[in-house]
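>>> can't give you the sequence, but here's the structure:
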C-alpha cells in the first residue's frame, strides 16, 4: 500500500510588500509572513519566522530606515527567506547587551534562531535577511504532514 504525502513547495513563491516605516510596520510584516507561510504551506516554525521578521523590521525603523521599508518573502529549495530593505547605508552590528538591558538582543536572537542571516548593500540602501530551513516533521497549515 502506497501512502501519498504532500511534499514541500518546489516552485519559487515570493512576494514584496512596501510598508510605512512606523510602529505599525512590525505587526503588518508579521501578518504578511504568517499569511505566506500558511498560503504556501511552508513547513517552518511560524512563531520563529514572525519573531525574526519583527526583529528585522523593528531594527530598520529604529535605525533611520527612511519613510518606507520593503519586506521580501521567498520560498525555494527547502528554505524560507525574509529580506527587509531600507534606505540606511549603515550595516547592522550584533552587540552583547547586559542582562538588565531592555534592548540590544534582537540580532543575537536572529543569529541564534535563523539557519542563516546577513546583510548586503542595495542601490537604495541595504537589506538584512534571515532564512529558516524547512522542517521535515512540521505540519503544514492545512494539517498535511510535509516532507
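Perfect, I can see it now. Bear in mind the structure is a predicted one, so any value in this text is a computation, not a measurement.
>>> going forward, measure contacts and count neighbours with C-alpha atoms only.
OK.
>>> buried set for stretch 63-79?
For stretch 63-79, the neighbour count (16 or more other C-alpha atoms under 10 Å) marks 65-66, 68-76, 78-79 as buried.
>>> chain neighbours aside, what residue packs nearest to the residue positioned nearest the centre of the chain?
The centroid of the chain falls nearest to residue 82 when counting by C-alpha atoms, centre = their mean (3.6 Å). Once flanking residues are discounted, residue 82 sits nearest to residue 73: 4.7 Å by C-alpha to C-alpha, 6 or more residues apart in numbering.
>>> which residues does the residue nearest to the centre of the chain bridge with?
Going by DSSP bridges, residue 82 is paired in beta bridges with residue 73, residue 130.
>>> can you pull the contacts of it?
53, 71-74, 129-131 (C-alpha atoms under 8 Å, 6 or more residues apart in numbering).
>>> residue 88: how many residues sit nearby?
Burial measure for residue 88: 19 neighbouring residues, criterion other C-alpha atoms under 10 Å.
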